[in-house]
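S.K.: structure for this input, please:
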Amino acid sequence: MKSFLCFVLLSGTLSICAQQLGDKTYEPDINDPLYEAGAGPIVLVDAAHNNFHTIEGRYGAFAKVLTADGYVVRSFDQEFSEASLDSIDCLVISNAINEKNAKNWHPPHLSAFSGSEIIALHQWVLNGGRLFLIADHQPFPGAARDLAAAFDIEFNNGFAMLDDGSDQAATQYTVFSKTSGSLKEHTITRGIDSIRTFVGQGFRSPEAYDPIIVFPAGFRTLMPEIPWQFDDDTKKYDIRGWYQGVVGEPGDGKIAVFGEAAMFTAQKQNDQFVMGLAAKGAEQNQQFLRNIIEWLTEDL
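M.R.: Numbers count the residues shown, from 1 in each chain. Take a look at the predicted model:
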């Protein structure tokens, strides 16, 4: 993995991810929309917590897929409270980060959400709200750790990678399949044989949640002191059996939790790497996203 480590060290902590831009040329391929245009449920995407992914930027393709399926997709720029959440059916949070870490990914990685926001959001889900929570690799799990813990999910503030000596970043783009057992049978995976993710984190959750993506043998979580700055002393731990995606129904609500964000959108990095929906091996990611949103909102 030496060449990969040198690449990211030379790129700097923030620049490697700053080079990830939304692919504005991406267009969904949907011939059978679930709803007529604009007739589906309203899906709001968080933009109030310094989010790395918003529908105006890197999650533009995410919004295109949902819009093509008939949903109404809008940004949500308010703090979470009982009042602000009251009229929301489905909320998406992708890679929120604390203001102090927005331009400085050095630790400590502070919570993106206040204690009162976490309490309000947790109660909202228990009362019937639908939450799609996405937190990628370090530092994003650190920013969402407290929120995940409110739902008894343990985020890991590291990088989930295949520890096979690979020396190219692209080899860390992982295909999870039903054949290998790493993609589980569920309503969300109906009609899908495999999906592809792009690094992210591995996390743990209780049996109350249904596993969707499970790490097989060979994967480790790498825990650098500073994001993307790996060396021979970087701590790493076996994450076989940990998750990159689960869903559950706490109280009267529903929640989908995923530890990787790029698989749900289309991005390019330096025009060299294609990540997400348009990448090779990710041909079924679009349907996977559609199934998740349908599951979250099906009885609204």
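
S.K.: do a quick rundown of the helices in the stretch 51-200 of the chain.
M.R.: Secondary structure of the stretch 51-200 of the chain (DSSP state H, counting those that start in this stretch): helices at 60-68, 82-85, 115-126, 140-150.

S.K.: could those helices go into TSV alongside mean pLDDT?
M.R.: Shown next, in TSV, are these (pLDDT from 0 to 100):
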stretch	mean pLDDT
helix 60-68	98
helix 82-85	98
helix 115-126	98
helix 140-150	98
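
S.K.: what's the closest of those helices to Thr297?
M.R.: Proximity to Thr297 (Cβ to Cβ) singles out helix 60-68 among the helices of the stretch 51-200 of the chain, at 10.0 Å. Placement of C-beta: from N, CA and C, glycine included.

S.K.: give me the below-cutoff pLDDT ranges for the stretch 151-300 of the chain.
M.R.: 164-172, 271-272 (pLDDT under 70).

S.K.: and Asp89, how far from Ile119?
M.R.: 20 Å (Cβ to Cβ, to the nearest Å).

S.K.: to clarify, my last question referred to Arg130.
M.R.: For Arg130 relative to Ile119 (Cβ to Cβ), the value is 18 Å.

S.K.: of these two, which one has the most company?
M.R.: Higher neighbour count among Arg130 and Ile119: Arg130, with 24 against 15, using other Cβ atoms under 10 Å.

S.K.: show the contacting residues for that one.
M.R.: Neighbouring residues of Arg130 by Cβ atoms under 8 Å, 6 or more residues apart in numbering: Asp89, Cys90, Leu91, Gly253, Lys254, Ile255, Leu296, Thr297, Leu300.

S.K.: make it 6 Å
M.R.: When contacts are counted by Cβ atoms under 6 Å, 6 or more residues apart in numbering, Arg130 touches Cys90, Lys254, Leu296.

S.K.: before we move on, the earlier item: so for Asn98, which of the helices of the stretch 51-200 of the chain sits nearest?
M.R.: Between those, helix 140-150 lies closest to Asn98; by Cβ to Cβ that is 5.6 Å.

S.K.: now the angle from that closest one to helix 115-126?
M.R.: 60 degrees (axes from the mean of the first three to the mean of the last three Cα atoms, to 10 degrees).
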